[in-house]
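J.: build me a model from this:
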Amino acid sequence: QVQLAESGGGSVQIGGSLTLSCAASGNIFSINAMGWYRQTSGPQRELVAGISSGGSTNYADSVKGRFTISRDNAGNTVHLQMNDLKPEDTAVYYCVAGPYWRFGALTDVNYWGKGVLVTVES
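T.: Numbers count the residues shown, from 1 in each chain. Prediction:
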């Protein structure tokens, strides 16, 4: 089992920046990819960004150029630097992890964090 603990959520004004962090613990050797999903008011969750153990990344079109995902050298903590935040970025952000990085993306999510709320205010 893997546990994911997010931190860094909060409120920020339009155009501001925020960094989310996620620390993985437990059987981290089963993880080859980590990332972030987000959920707004509806039931659908959107993949925001992912990163492989080798450092490959992918992003949703809506955040390209504004968000940056990174991973520490030990590989068990990921960060999501969010710049130029917009009201539509308001969501609960979930850290995720899984065993596979395929076709340039995190394809199988086995573990979810509890989520942190990011609110972008006008």
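
J.: tell me the secondary structure for residue 88?
T.: helix (DSSP: H, G, I helix; E, B strand; the rest coil).

J.: can you tell me how far it is from residue 100?
T.: For residue 88, the distance to residue 100 equals 29 Å [Cβ to Cβ, to the nearest Å]. For glycine as for every other residue, the C-beta is placed from the backbone atoms N, C-alpha and C.

J.: these two: which is more packed in?
T.: Set side by side, residue 88 and residue 100 show more neighbours around residue 100, with 15 against 9, by other Cβ atoms under 10 Å.

J.: find me the pLDDT at the most centrally placed residue in the chain, would you?
T.: Geometric centre of the chain, nearest residue: residue 36, 2.1 Å, by Cα atoms, centre = their mean. On the pLDDT scale, residue 36 is placed at 98.

J.: how about the closest residue in space to it that isn't next to it in sequence, what does it touch?
T.: Spatial nearest neighbour of residue 36, chain neighbours left out: residue 48 (4.4 Å); criterion: Cβ to Cβ, 6 or more residues apart in numbering. Contact analysis of residue 48 by Cβ atoms under 8 Å, 6 or more residues apart in numbering lists 35-38, 59-60, 63, 67, 80, 93.

J.: ok so, going back, sec struct for the residue nearest to the centre of the chain, please.
T.: Residue 36, by the three-state scheme (three-state DSSP), is strand.

J.: neighbours around residue 53, how many?
T.: Neighbours of residue 53 (other Cβ under 10 Å): 12.

J.: now swap in residue 39 and tell me
T.: Counted with other Cβ under 10 Å, residue 39 comes out at 14.

J.: surely it meets residue 96?
T.: No: checked against Cβ atoms under 8 Å, the pair residue 39 and residue 96 is beyond contact range at 11.7 Å.

J.: which residue is the nearest non-sequential neighbour of residue 119?
T.: residue 11 is the one closest to residue 119 (Cβ to Cβ, 6+ apart), at 4.5 Å.
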